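Asks: sequence and predicted structure, then a few things I'm wondering about:
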Amino acid sequence: MTSADWMPSASFAVLHRRSEVLAKIRVFFARKNVLEVETPILSHACGTDPQSSHFVTVLENPDRSHLYLQTSPEFAMKRLLAAGSGPIYQICKSFRNGEMGRFHNPEFTLLEWYRVGFDHHALMDEMDELLREVLICPYAERVTYQTLFLRHVGVDPFQTTEQTLKTQAASFGISEIQNIDKDGWLDVLMTHCIVPHLGQGGRPTFVYDYPASQAALAKINLFGVAERFEVYFSGVELANGFHELQDPLEQRRRFEQEQEQRQKSAFPPAILDERFLESLKQGLPNCAGVALGIDRLIMALLKTNSLAEVMAFPINRA
């Protein structure tokens, strides 16, 4: 700690711009009659994403229950949708343990919203509209995951093998990585060979239609492709969206698959959100949802080099 660590890392000029962006987002959704909601940050359950590590605490009650800081408000918001809320959005704090760096902070601000009756293409249209208002940018480029791999890596991600991906990675100077499968190699090639090209020239890029194995919460179409999209700007991921899965049995099966992956990765098992699964049984309406990182959005707007420049107190000053 230094004598200046008590000071905010972002300037007050930046904090004013941050406030303006949040106000603009709320006006955007008010204009569209989308309801702002709040859901718990602490929950008895947690997500099963094999790449996420959770913060856990203990409730001082007779049972000394474990509670988890949420990595996303998704499950609770879907419970509201199943109860009949209609279209909703939320701006909230979310938490991912161990994520620190230029583009990561363990505590971050997330905008998440759900549109009843939308598929992922309709939600991309609305997200494009929001980005044009906030970033003052042109219409986004839209390109499929498959097209990007053919263009930048020279393989079809839906037809290739794990060995071919290893060979391609080596040709790009990527060293051998132990204990990763085909999806792991796809992620490595995406990160190193494709993402740096996305969202350049001040124009966002929407990447859509992912492998089914990379979308635990999305619908799978008749061609076996996940109805999922991601948004990039200046080579940085801003958002992740889905045409949401409604089948409770399929959702439980995918959660159990992710539990197995967590075990292989030495992550502790997640606590399945049985209330969320019960809400799917009662009936989640056809909808699409997306999570957008507010801190990264403001980084993109102000062309800063790190999250610390757009947050009052990142984790090293918290």
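Replies: On my side now, so go ahead.
Asks: what residues are bridge-paired with the residue nearest the centre of the chain?
Replies: By CA atoms, centre = their mean, the chain has its centre lying nearest to N240, at 4.3 Å. Beta-bridge pairing of N240, defined through DSSP bridges, involves E230, A291.
Asks: what's the answer for L67, then?
Replies: Assessed by DSSP bridges, L67 has beta-bridge partners T57.
Asks: do you know how far it is from F267?
Replies: Plainly put, L67 is 18 Å away from F267 if you go by CB to CB, to the nearest Å. Using the backbone N, CA and C atoms, a C-beta is placed for each residue, glycine as well.
Asks: N33 now?
Replies: As for N33, its distance to F267 is 40 Å (criterion: CB to CB).
Asks: comparing the two, which residue is more hemmed in?
Replies: Comparing N33 with F267 by other CB atoms under 10 Å, the one with more neighbours is F267, at 18 against 8.
Asks: quickly find the element holding that one.
Replies: Element membership for F267, per DSSP states H and E: none, as it lies in no helix or strand.
Asks: W113 too?
Replies: When the helices and strands are read off by DSSP H and E, the one containing W113 is strand 107-116.
Asks: contacting residues for the residue nearest to the centre of the chain?
Replies: By CB atoms under 8 Å, 6 or more residues apart in numbering, the contact list for N240 reads 228-231, 290-291.
Asks: from A288, how far off is it?
Replies: 12 Å.
Asks: residues making contact with the lengthiest helix in the chain?
Replies: When the chain is parsed with DSSP state H, its longest helix is helix 12-31. Residues outside helix 12-31 that contact it (CB under 8 Å, 6+ apart): 8, 10, 36, 89, 91, 111, 113, 130, 133-134, 294, 297-298, 301-302, 304, 309-310, 312.
Asks: what ranges do the helices span in the chain?
Replies: 12-31, 74-82, 120-135, 145-152, 162-171, 182-189, 248-264, 274-283, 294-302.
Asks: so which of those gets nearest D49?
Replies: Counting by CB to CB, D49 lies closest to helix 248-264 out of these; the figure is 6.5 Å.
Asks: ok so, going back, could you export the longest helix of the chain as CSV, keeping only the C-alpha atoms?
Replies: Output of helix 12-31 as CSV, limited to C-alpha atoms (Å, rounded to 0.1, in the frame of the first residue of the first chain):
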residue,chain,number,x,y,z
PHE,A,12,-13.8,12.6,-11.4
ALA,A,13,-14.3,13.5,-15.1
VAL,A,14,-14.4,9.8,-15.9
LEU,A,15,-16.8,9.1,-13.0
HIS,A,16,-19.1,11.8,-14.3
ARG,A,17,-19.1,10.1,-17.7
ARG,A,18,-19.8,6.8,-16.1
SER,A,19,-22.8,8.3,-14.4
GLU,A,20,-24.0,9.7,-17.7
VAL,A,21,-23.7,6.3,-19.4
LEU,A,22,-25.8,4.6,-16.6
ALA,A,23,-28.4,7.3,-16.9
LYS,A,24,-28.5,6.9,-20.7
ILE,A,25,-29.0,3.1,-20.3
ARG,A,26,-31.9,3.7,-18.0
VAL,A,27,-33.5,6.1,-20.3
PHE,A,28,-33.0,3.6,-23.2
PHE,A,29,-35.0,0.9,-21.3
ALA,A,30,-37.6,3.2,-19.9
ARG,A,31,-38.4,4.3,-23.5
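Asks: chain center to that helix: distance?
Replies: For helix 12-31, the separation from the chain centroid amounts to 21 Å (computed by CA atoms, centre = their mean, to the nearest Å).
Asks: ditto for stretch 97-106
Replies: Relative to the chain's own centre, stretch 97-106 is displaced by 14 Å; criterion: CA atoms, centre = their mean.
Asks: buried residues, it. List them.
Replies: Within stretch 97-106, the residues that qualify as buried are 99, 103-106, counting by 16 or more other CB atoms under 10 Å.
Asks: report the two of the residues you listed separated the most.
Replies: Between all members of those, the longest pairwise span (CB to CB) is found for F103 and P106 and amounts to 12.6 Å.
Asks: on that earlier part again, what sits up against the strand holding W113?
Replies: The list of residues contacting strand 107-116 from outside it, by CB under 8 Å, 6+ apart, reads 25, 29, 34, 72-74, 77-78, 81, 86-96, 122-123, 126, 244, 285-295, 297, 307, 315, 318.
Asks: that one pairs with which strands?
Replies: strand 88-95 (antiparallel), strand 287-293 (antiparallel).
Asks: so which bits of it are buried?
Replies: Result for strand 107-116 [16+ other CB under 10 Å]: buried residues 107-116.
Asks: cool, and stretch 72-91?
Replies: Of the residues in stretch 72-91, those with enough neighbours to count as buried (16+ other CB under 10 Å) are 72-82, 85, 87-91.
Asks: also stretch 32-44?
Replies: Applying 16+ other CB under 10 Å to stretch 32-44 flags 34, 37, 39, 43 as buried.
Asks: just to revisit the earlier point, now the strands paired with strand 107-116 in JSON lines, with distance to F206 and mean pLDDT?
Replies: Formatted as JSON lines, the strands paired with strand 107-116 follow (distance: least, CB to CB, whole Å; pLDDT from 0 to 100):
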{"stretch": "strand 88-95", "distance to F206": "19", "mean pLDDT": "98"}
{"stretch": "strand 287-293", "distance to F206": "11", "mean pLDDT": "98"}
